[in-house]
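In: Have a look at this fold, sequence not included:
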């Protein structure tokens, strides 16, 4: 297992974490003595993408909703 000093860990943290995710854990040492082990979390919960699928619908004209009222406000007219 690779050991890096604190300064190197701060400088290259993103690369080191990517290595750990690929299965290469590492140790961070202070004054030459290992103090922390960094490794991937094997039982991390999956992302919650799509957990509201089917719970609501978005209208086809969503990007145009309220356009007349917004235009009127920008042009200084009273809302209809």
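Out: Sure thing, it's come through. Here the structure is a predicted model, which is why all the values come from computation and not from measurement. Numbering: from 1, shown residues only.
In: Residue 48 - how many residues pack around it?
Out: In terms of burial, residue 48 registers 7 neighbours under the definition other CB atoms under 10 Å. C-beta here means a position set from N, CA and C on the backbone, and glycine is covered the same way.
In: phi, psi of it?
Out: Its backbone dihedrals place residue 48 at phi -90, psi 30, with angles given as degrees, to the nearest 10.
In: ditto for residue 34
Out: Torsion angles at residue 34 (phi, psi; degrees, to the nearest 10) stand at phi -60, psi 130.
In: Got the phi and psi for the closest residue to it other than its chain neighbours?
Out: On the basis of CB to CB, 6 or more residues apart in numbering, the spatially nearest residue to residue 34 that is not a chain neighbour turns out to be residue 27, at 4.2 Å. The phi and psi torsions at residue 27 (degrees, to the nearest 10) take the values phi -110, psi 140.
In: Name the helix or strand of the chain that has the lowest mean pLDDT.
Out: When each helix and strand of the chain is scored by mean pLDDT, DSSP states H and E, helix 67-74 comes last, with a mean of 90.
In: Low-confidence stretches in this protein?
Out: Along the chain, the model assigns pLDDT under 70 to residues 78-80.
In: For it, which segments count as helices?
Out: Under the criterion DSSP state H, the chain contains helices at 6-11, 13-21, 67-74.
In: now these in a markdown table, with distance to residue 61?
Out: Putting those into a markdown table (distance: least, CB to CB, whole Å) gives the following:
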| stretch | distance to residue 61 |
| --- | --- |
| helix 6-11 | 50 |
| helix 13-21 | 42 |
| helix 67-74 | 9 |
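In: still on that earlier bit, does the residue nearest to residue 34 touch residue 39 like I think?
Out: No: when contacts are counted by CB atoms under 8 Å, residue 27 is not listed as touching residue 39 (9.8 Å).
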